[in-house]
Each structure stands twice: as C-alpha cells, then as structure tokens.
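**Q** Model the following, please.
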Amino acid sequence: MILISNESRVIIKRLLKLLKPYIKKISVVFICILTSTGISMLYPLLSKQVMDNGLLVKDFSIVVKVSLITLAIALLEQTIGLLETKYYSYVNSIFQYSLTKMAFKHLQKLKIQYFNNTNFSETMSNIGMDVGNISRICDKGTFIILSQVFRIIGGMIGLLIIDWKLTFIVLLVVPVRYFTVKKFAKKRESMFNDFMEYSRDYASWFGDIISGIKEVKLWGLDRIKTGEFIKKQRNIVKINIKIAFMDKFNECSESIVFQGINCVLSIFGAYMVFKNELTIGGLFAFLTYSVYVIGPISAILNIGYNFSNVVPSAKRFFDFLDMKTEVDDSKKKILRLDENEVEGNIKFENVSFSYNDDEKILNNINLKINSGEKVAIIGANGSGKSTLINLLLRFYKPHEGKILIDGIDIDDIRLRDYRGLISVVSQDLYLFNTTIEKNISIGTKSDEATITKAAVKSGAYDFIKEMPLKYKSEVGRNGSNLSGGQRQKIAMARAFARKSKILILDEATANYDMESEAYVNQLLATDFKDSTVLVISHKPDILSKVDKIWMVEYGNIKEYRNLSDLEHNCRELKVSGLKE
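**A** Down below sits the predicted model:
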C-alpha cells in the first residue's frame, strides 16, 4: 500500500514469509471470504426485486419467492462462515504459537549478557505484546480487508449497472480518505513507539521491584516505589488516551466522509427518481452498493493505520531474533564429541578478558589442568575467579587467546556436547519448580536407583526420606519449600547423578554443616577421582585435598602446589580471603 513506508514493507514481507507453512489454509479462508462476498452482492438486487416487482405492484408471490431465495442464500453464507472461522482461527492461533516458540527457542540461545541487562518481566512483556500485535496480520479482520478488493469490484459493477453518474460521486471518497488516513497513521505509529518504550521501561522497573521485594520491605520503600509506579503508569495512561483519541479522530473523519457521500447520493438520487431517471428500488440498491464500495475502499486505505502498531512490534521482535546467540553459526567446522572419549585435560593459552576497555580482569593467562586433577581457585571478591569459570563454561569468549579441552579449541566443539562434559554446583544455584526427582535428574536420563544413590552421597537423602511424597515432593519456585542447605544438597546430587568429566564447585558446600561437608569432600576424591575438578573455595579443609591452588590477583594467576606452599609463599592470606 502507498501508505506503508519502505521499512514497513520489508518488515511485512519478512512476516509474510512466516505465513508460508499455512498458505493452504489461508487459501481456504480467502475462498470462503470471496464466496461470501459474492453471495452478499446478491442481496441488493434481491431487495430491488422485492421493492420494484413485489411491493410497488402488490405482487405477493414475488415477495414470498424472493424472500425464500434470500433465506436460502443466507443459510449458505452462514455455513461458509463456519468453515471460514474454523480455518482462520487455526491459522491465527498456530501463528501466535509459532512466534512464541520461535522467541522462546532463541531466548535460550542468547548470550548471558542479555540476561544480565534484561529482567524476566521486561522480556515477558516485550514478547507478549509483540506476538499479540504481530498476529493481527493473520486475524479475520486482515483477511477480510485484503479480500475487499473483490467486494469493491462487485460493488462497482452493481453501481455502474444502476447509474454511472452517481458512481463518480462514490469515487470521491478515495482522495479524501487517502490524505486523512496517511496523516493519522504517521501520528499513531509515533505514539505507539512511545507506548512501547513506556511499557518496556515499566516492565523492567516492575521486574526489578519483584526481584528486590525483600529490600523494599526491609528499608520501608513502599511509599517511594508507589510514587515511582504512579509516575510510570501516568506516562502509559497518557499515551493510551492519546492513541484512543487518534483512533476516534480517524473514525470520525471516516464517518463524516461516509455521511457526506451518502448525503450527496441521497439528494442526487432523489432528484433522479423525481425525474423518472431512476426507480426507488434502484436508488436503494445503489445506496447499498455504495456501502459495499465505500467501506472496503476505506478499509484498504486504513491498512497503514491499522498496522501502525504491528510494524513497531515486528521491528522490535525481529531485532530480538537477530540478536547474536552463544553459538557461532558462521563456523564451517563444528566438532561433535563423544563424552566417553574425552579425558578432561584443560589448557588456557594466553587468555585475556575484560568487561570494558578500561581494565583487564584476566591478563595473558596460561594454565594447564591434567585429566583427573583437582584444582582450587582462590582470590578476593572481584578478582576474576567467576570470570575464569564463565570463560570455561563459554558464557563469555576470551578477547585474546583460547581455551582447549584435550587439545581442541572449545569454540570448535558443538556447544550442547561441550556443556554436556561439565557439571556445575554453585552457591548461587537454581531449582526448577518441579519435583525433587526431576531436579536431581536434570539434563540426564537417570533411573530411580541412580537418583537415590546421588541423593545419599550428597546428603539429601536424610531429609527426602522424611517428606510425605519423597522424591515426588515439589520443591517450589527456586526451592522455596526447602532450606538453604537442602537446596544445596539437591544441587550437589545433580553432580553425583551426572558424573561429568569436568566438575566445577563454586562454594558448593557453603550451607553444609561440618560433618556433611567433610563427607562430601571425601567423596570428591573417590567418586570423582577420574574427573577434572575445579573448586572455588577458601576453606583450608578443601584446599588441603586438592592437587594445586590458583590464586587470582590483579588480573594474573599464581599457582601453588598445595596449601603448605600457599601458606609459605603468601604471608598475607587476607588477600585471598582464606578462612577457617
């Protein structure tokens, strides 16, 4: 349409490509709509017959005959309408589902930076709003609008048959509506962009409040946050009112144009009736056909206006889908690994990394861990311990250098296979809102015996056996039904159930009692004797059991053979936060 910009055309073309799988069902919808349109064109002619050949000449048989024909046609039209509804509702629902699925699959592949900068509420709000708006391109209204060209053709034929002079008056609606719709559509799209931005900002703020609700309560921030809520909602309310008024202005202009055209048609039509140039039935038929033409013309011209919220949502949605993912699809050669063939040798070669250009968190790191070795990583807060682990997990990529597993660059390994080699137990863990059983067997196909064995080794079995539903017990959102220690034991059980080639423990026993912690530490030397283990911890009991210790300090890493070597060479152990 001439009302749609070049950018909008590109976006709509991209959307239409997504509709290709449903082209057959869409074709059925169009056929139904066109058939219904053709049938509806008969009503004015039938009314004309009733008026001119029935009522005016008092022929009752004609009235009955034409009325029965009209009823039969109406039944046929409604039957076709049911078929039409069946198919368009399917297309619309499945299209929404496919968009949501597309967004969800892409969301899981996005780089970790996205989740660091965007909370769940903002993500849900954006995807929900965009999918809802985009799906309008395949709702019944859009199908009907696109089929209006056939209604216009049919209506124009009817108008020309009755009187060509009055037809010219009807066509005056085109230039008038074109310029009014063009003006309103541009303003509405600008308003909707503002609405999207206000909504995104509010969703981000709301998610932040929910995440920090404890702080809101503890620090008495409820009044302050209510004030912020009112301010942000006020912006949304104001823009909603503006959009509503713009919709009403467009509707009013359409109504005024319609009434103006009808007024002129009625005056000229009545004049022609008085001059015996047109019958009364012909005038009523003409007025009916004019509605068939004026309405569709306005509807088609309104496409740009109606899509003024579709295009901004589609642009944001496609920008989201175009975000880079963790997997570099441009690589020509991606290796697939068999976990049973991996030894677990890890090597950092000249690895450097920084979150910004000002300061390197890690600077030219060269380290090696042999298969089966146990390494402890210590250092002050913010020294780069977690960064080192995140690089190994491929949440981030080194700015310089590379990381190797058994001599293979980890970036050359299929990401799913690579992460399948690693189990991570963190103090900052997450339990899914499902059963204990499913939380332990996550990412594996562990049977009941394996799950039970893992629970026993992690110390989780002691409290699980006391629960009414045992392993079928629901843990709640992020383990809200469990204590901190119980949650951590479930997370540890995951590692025992999976028995990966590489195990990473990030303060994994922080919430354990001393007896349980000593028991688990002993198991690391037995159950994971063939696994490569990296432990972030400052506890001497753990440090005494590892093969070597890495101290991360000022972007560099110093390696110590054992705890005695560390204590001998590092007098100021406060730097590392070492504690009993």
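
**Q** now the strands for the stretch 201-350 of the chain?
**A** Assignment of strands within the stretch 201-350 of the chain using DSSP state E, counting those that start in this stretch yields the ranges 346-353.

**Q** Would you state the helices of it in chain order?
**A** In the stretch 201-350 of the chain, the segments counted as helices under DSSP state H, counting those that start in this stretch are 213-218, 222-274, 280-301, 303-306, 310-321.

**Q** need the ones you listed in TSV with distance to K20 and mean neighbour count, can you?
**A** The way it works is simple: take the backbone N, C-alpha and C, and place the C-beta from them, glycine included. Rendered in TSV, the data for the helices of the stretch 201-350 of the chain read as follows (distance: least, CB to CB, whole Å; neighbours: other CB atoms under 10 Å):
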stretch	distance to K20	mean neighbour count
helix 213-218	45	10
helix 222-274	32	14
helix 280-301	23	21
helix 303-306	21	21
helix 310-321	16	20
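
**Q** Let me have those helices in JSON lines, extended by distance to K385.
**A** Written out in JSON lines, the entries for the helices of the stretch 201-350 of the chain read as follows (distance: least, CB to CB, whole Å):
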{"stretch": "helix 213-218", "distance to K385": "26"}
{"stretch": "helix 222-274", "distance to K385": "34"}
{"stretch": "helix 280-301", "distance to K385": "63"}
{"stretch": "helix 303-306", "distance to K385": "55"}
{"stretch": "helix 310-321", "distance to K385": "32"}
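
**Q** what's the burial count for F353?
**A** With neighbours defined by other CB atoms under 10 Å, the count for F353 comes to 21.

**Q** pLDDT wise, what is L404 at?
**A** Listed pLDDT for L404 reads 90.

**Q** Using the three-state scheme, assign it.
**A** strand (DSSP: H, G, I helix; E, B strand; the rest coil).

**Q** right, and S446 touches A455 too?
**A** No - under the criterion of CB atoms under 8 Å, S446 makes no contact with A455, lying 10.7 Å away.

**Q** overlap in contacts of those two?
**A** Overlap between the contact sets of S446 and A455, as judged by CB atoms under 8 Å, 6 or more residues apart in numbering, is given by I440.

**Q** So those two - more neighbours on which side?
**A** For S446 and A455, the more surrounded residue by other CB under 10 Å is A455, and the numbers stand at 26 against 21.

**Q** about what we covered before: now tabulate the helices of the stretch 201-350 of the chain in CSV and tack on mean pLDDT and distance to M467.
**A** Conversion of those to CSV gives the following (pLDDT from 0 to 100; distance: least, CB to CB, whole Å):
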stretch, mean pLDDT, distance to M467
helix 213-218, 74, 26
helix 222-274, 81, 36
helix 280-301, 69, 62
helix 303-306, 69, 55
helix 310-321, 86, 41
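
**Q** Out of these, which gets nearest to F115?
**A** With CB to CB as the measure, helix 310-321 is the member of those nearest F115 (13.2 Å).

**Q** Now that closest one - C-alpha only, PDB.
**A** C-alpha atoms of helix 310-321 as PDB (Å, rounded to 0.1, in the frame of the first residue of the first chain):
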ATOM      1  CA  VAL A 310       2.100  -4.100  14.100                       C
ATOM      2  CA  VAL A 311       5.200  -2.700  12.400                       C
ATOM      3  CA  PRO A 312       6.900  -1.200  15.500                       C
ATOM      4  CA  SER A 313       6.200  -4.500  17.400                       C
ATOM      5  CA  ALA A 314       7.500  -6.600  14.400                       C
ATOM      6  CA  LYS A 315      10.600  -4.400  14.200                       C
ATOM      7  CA  ARG A 316      11.400  -5.000  17.900                       C
ATOM      8  CA  PHE A 317      10.600  -8.700  17.600                       C
ATOM      9  CA  PHE A 318      12.900  -9.200  14.600                       C
ATOM     10  CA  ASP A 319      15.600  -7.100  16.400                       C
ATOM     11  CA  PHE A 320      15.300  -9.600  19.200                       C
ATOM     12  CA  LEU A 321      15.500 -12.600  16.900                       C
END
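
**Q** Can you name every helix or strand that that helix contacts?
**A** helix 6-18, helix 60-109, helix 120-134, helix 173-211 (3 or more CB pairs under 8 Å, 6 or more residues apart in numbering; DSSP states H and E).

**Q** Just give me how far stretch 14-30 sits from the chain centre.
**A** In this view, stretch 14-30 has its centroid 22 Å away from the chain centroid, taken as CA atoms, centre = their mean, to the nearest Å.

**Q** Just the buried positions in that stretch, please.
**A** By neighbour count, and taking 16 or more other CB atoms under 10 Å as the criterion, the buried residues in stretch 14-30 are 15, 22, 25-26, 28-30.

**Q** residue contacts, K529?
**A** With contacts taken as CB under 8 Å, 6+ apart, K529 has the following neighbours: G372.

**Q** Which secondary structure state does it sit in?
**A** The assignment at K529 comes out as coil when based on three-state DSSP.

**Q** Use 45 as the first number from now on
**A** Got it, the first residue is 45 from now on, which makes the last one we talked about K573.

**Q** tell me the pLDDT at it?
**A** The predicted local confidence for K573 is 76.

**Q** What separation do you get for it and K589?
**A** From K573 across to K589, the span is 12 Å (CB to CB, to the nearest Å).

**Q** try I580
**A** Relative to K589, and taking CB to CB, I580 is found at 14 Å.

**Q** In terms of neighbours, single out the busier of the two.
**A** Set side by side, I580 and K589 show unequal neighbour counts under other CB under 10 Å, the larger going to I580 at 22 against 17.

**Q** what sits against the more buried one?
**A** Taking CB under 8 Å, 6+ apart as the definition, contacts of I580 comprise 420-422, 429-430, 433, 548-551.
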